[in-house]
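Novice: this is a predicted model, with the sequence first.
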Amino acid sequence: MSTEVSPNAGTRTAVPEKMSRESVTIISTLLVATFVVILNETIMNVALQRLMVDLRVDAPTVQWLSTGFMLTMAVVIPTTGFILQSLSTRAVFMLAMGLFAGGTALAAVAPGFEVLLLARIVQAGGTAIMLPLLMTTILTLVPLAKRGAVMGNVSIAISVAPAMGPTVSGLILEHFTWRFMFVFVLPVALAALAIGAKFLTNVGEAEKTKLDFLSVLLTVPAFGGLVYGLSQIGGGGQAGPGAAAIAALVIGVAALAVFVLRQVRLQKSAAPLLDLRAFNFRMFTVSVLLMVVAMMALFGGVILLPLYLQEVRGLGSLETGLALLPGGLAMGLLGPVIGRAFDKVGPFPLTVTGSILMVVTLWQFSMLDAGTAVWWIITLHVGLSFGLALLFTPAFTTGLNPLPPHLYSHGSAIMSTTQQVAGAAGTALLVSIFAVVSAASGLVAGMSAAFLTATVIALAAVVLSAMMRRTEGAGPGHGAH
């Protein structure tokens, strides 16, 4: 055992070289819980048409079930750095899974749209806390030499769950009412809650930190405004962005600037809500930028490919879900393998290979036409998923490794927040390009233009990947680098 020293946190005991059985139980419980909450995030998208009929609401109204969820995530995630430092691991888990299970139960019995929307917002509150909790716990419990392998398992939750969402909901909707999307998830959520209540022990020590209420208030217009504005532009179709979307973006950018200045000021005198000193570490900054580019490509692909398969090729929702499933499974199942490879060779060869593969597959997607064979589309999607898998695990691990313990929760929260905003930005940009070009030149031309834009964005990932270097944990004398 050695000690880790951080400038603000005093002397901390380093994690042991081997993981205890208790640590494995804690991380396994958190992994299952994270998988369930992320699966739930995408399960709704296929069901919106059915819900419009059953709940007698129009398309813009029903879309709030997704938009409201995304907005809640965007506002809650920046506060998770503070939550994770102030409460014990057990308390945070019970709060997250309690909110998620409660929201799921409420959604299953919702009598109308308003209650269902409230239930989705409660679910989102729990979902927002789970991923930063999982990341911070891994950084605290897992020895440096094994972090890549464990982070590889996290990619199962992050990538397989969203890929399975449309397929699972498609299967459920073929045979049951929409309520069963929540009825099937609820027992798993309750089981995770019960296992956590029995086996979870506290990791690290809770610190007494003051909550800056002005920072919390600023997260609503800052991150909420950005994500709402971007999602409205993305869903605005060929009419172009409306005044509300533009106003939300302007307010979001202005509030974000004030939020950042406030956090920088608080670093000198008190505890900031989101500690931006994580950006003093060069590999953290490079990794966050790489994640932003990868998330824009991933979300663009997740939105555009179903549009192509349904609108150009005429596939049903279940067939579309099944066509996209092999890629999601490939990404998740390769995660642990890539994680172990990362522990041996470091990030550079993996991220460079992944970013080049991402550029090539996105470029090939831009060449699709109305007659492209479906097997080729599935092959390309598997290739894109493989490329993203080669980026995600190394980016997460390389970015978070050099942080000192007092920045673990803040680093995890920053990564999760930027993922949300990048996903919304990627979707907004690519769907808007698709809509504008489609209106002028047809669906295939719109799809081609959108994927070509994604290819150009992905070129930035190649440059960032070439800058990736292996990082060591924060130890004595480790400053920003």
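Specialist: Nice, I can see it.

Novice: now do the SS call for the spatially most central residue of the chain.
Specialist: Centroid-nearest residue in the chain, with Cα atoms, centre = their mean: residue 419, separated by 5.2 Å. With DSSP: H, G, I helix; E, B strand; the rest coil as the basis, residue 419 sits in helix.

Novice: any buried residues in stretch 277-295, and which?
Specialist: 277-278, 281, 283-295 (16 or more other Cβ atoms under 10 Å). For glycine as for every other residue, the C-beta is placed from the backbone atoms N, C-alpha and C.

Novice: these two touch, right, the residue nearest to the centre of the chain and residue 295?
Specialist: Yes - with contact defined as Cβ atoms under 8 Å, residue 419 counts as touching residue 295 (5.1 Å).

Novice: can you list residues touching both of the two?
Specialist: Counting by Cβ atoms under 8 Å, 6 or more residues apart in numbering, residue 419 and residue 295 have no contacts in common.

Novice: and residue 296, backbone torsions?
Specialist: Backbone torsions of residue 296, given as degrees, to the nearest 10, read phi -60, psi -40.

Novice: can you tell me the closest non-neighbouring residue to it?
Specialist: Nearest residue to residue 296, sequence neighbours excluded (Cβ to Cβ, 6 or more residues apart in numbering): residue 426, at 3.1 Å.

Novice: who are the packing partners of the host helix or strand of that neighbour?
Specialist: Assigned by DSSP states H and E, residue 426 falls within helix 408-441. When contacts are defined as 3 or more Cβ pairs under 8 Å, 6 or more residues apart in numbering; DSSP states H and E, helix 408-441 packs onto helix 64-76, helix 80-86, helix 113-141, helix 225-234, helix 282-307, helix 374-400, helix 443-466.

Novice: and the ones you listed, which one averages the lowest pLDDT?
Specialist: Within these, confidence is poorest for helix 225-234, with a mean of 78 (mean pLDDT).

Novice: show residues contacting that helix.
Specialist: Outside helix 225-234, the residues touching it (Cβ under 8 Å, 6+ apart) are 67, 70-71, 74, 241-242, 244-253, 255-256, 303, 420-421, 424-425, 427-432.

Novice: CA atoms only: put that helix into PDB for me.
Specialist: This file holds the C-alpha atoms of helix 225-234, laid out as PDB (Å, rounded to 0.1, in the frame of the first residue of the first chain):
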ATOM      1  CA  GLY A 225     -31.200  26.000 -21.900                       C
ATOM      2  CA  LEU A 226     -28.400  24.500 -24.000                       C
ATOM      3  CA  VAL A 227     -29.900  21.000 -24.200                       C
ATOM      4  CA  TYR A 228     -33.500  22.300 -24.800                       C
ATOM      5  CA  GLY A 229     -32.400  24.700 -27.500                       C
ATOM      6  CA  LEU A 230     -30.300  22.100 -29.300                       C
ATOM      7  CA  SER A 231     -33.000  19.400 -29.000                       C
ATOM      8  CA  GLN A 232     -35.600  21.800 -30.400                       C
ATOM      9  CA  ILE A 233     -33.400  22.700 -33.300                       C
ATOM     10  CA  GLY A 234     -32.800  19.000 -33.900                       C
END
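
Novice: and the helix or strand that comes right after that helix, how far out from the chain middle?
Specialist: Taking DSSP H and E as the definition, the helix or strand that follows helix 225-234 towards the C-terminus is helix 243-269. How far helix 243-269 lies from its chain's middle: 21 Å, per Cα atoms, centre = their mean, to the nearest Å.
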